[in-house]
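K.L.:
give me a model of this one.
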Amino acid sequence: MVDAVVAEASAQRKGYTAARSDARSTAELAAKVSGEPAELASFDPFFTFFKGGVAAFEAGMRVGAIGVSGRPGEEDDRIAREAIARAGLDLE
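P.N.:
Just a heads-up that it's a prediction; the model follows:
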């Protein structure tokens, strides 16, 4: 049960990060700030940089995000992107 609670909290943080940051995904945000400690320290403390958070867009406007956790990061990211596509939304 502890793993499920941790995965749920992680998914919430991933979705929050993708919804609130200027990047389209947590993976993109992590790459953007990679190797820059001052940049990392300036972010909202609830942000996470693990793969699996992806923003959803409609007509070019960010309308939300999905956070997925519990699988390896690449798979979390793929599942989030697939869910956005199935909802009829865009990735940018």
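K.L.:
shaky segments in the protein?
P.N.:
The chain contains residues with pLDDT under 70 at 1-2.
K.L.:
need the helices for it, in chain order.
P.N.:
Secondary structure of the chain by DSSP state H: the helices cover 2-20, 26-33, 37-41, 73-86.
K.L.:
JSON lines for those helices, including distance to Phe50 and mean neighbour count?
P.N.:
Yep, even glycine has a C-beta here, placed from its N, CA and C like the rest. As requested, those are exported to JSON lines (distance: least, CB to CB, whole Å; neighbours: other CB atoms under 10 Å):
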{"stretch": "helix 2-20", "distance to Phe50": "6", "mean neighbour count": "17"}
{"stretch": "helix 26-33", "distance to Phe50": "6", "mean neighbour count": "19"}
{"stretch": "helix 37-41", "distance to Phe50": "13", "mean neighbour count": "10"}
{"stretch": "helix 73-86", "distance to Phe50": "6", "mean neighbour count": "16"}
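K.L.:
quick one: those as TSV, columns for distance to Gly60 too.
P.N.:
Formatted as TSV, those follow (distance: least, CB to CB, whole Å):
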stretch	distance to Gly60
helix 2-20	16
helix 26-33	17
helix 37-41	26
helix 73-86	14
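K.L.:
so which of the ones you listed is nearest Ala56?
P.N.:
helix 73-86 (4.7 Å; CB to CB).
K.L.:
run through who's touching that closest one.
P.N.:
14, 25, 27, 50-54, 56, 66-71, 90-91 (CB atoms under 8 Å, 6 or more residues apart in numbering).
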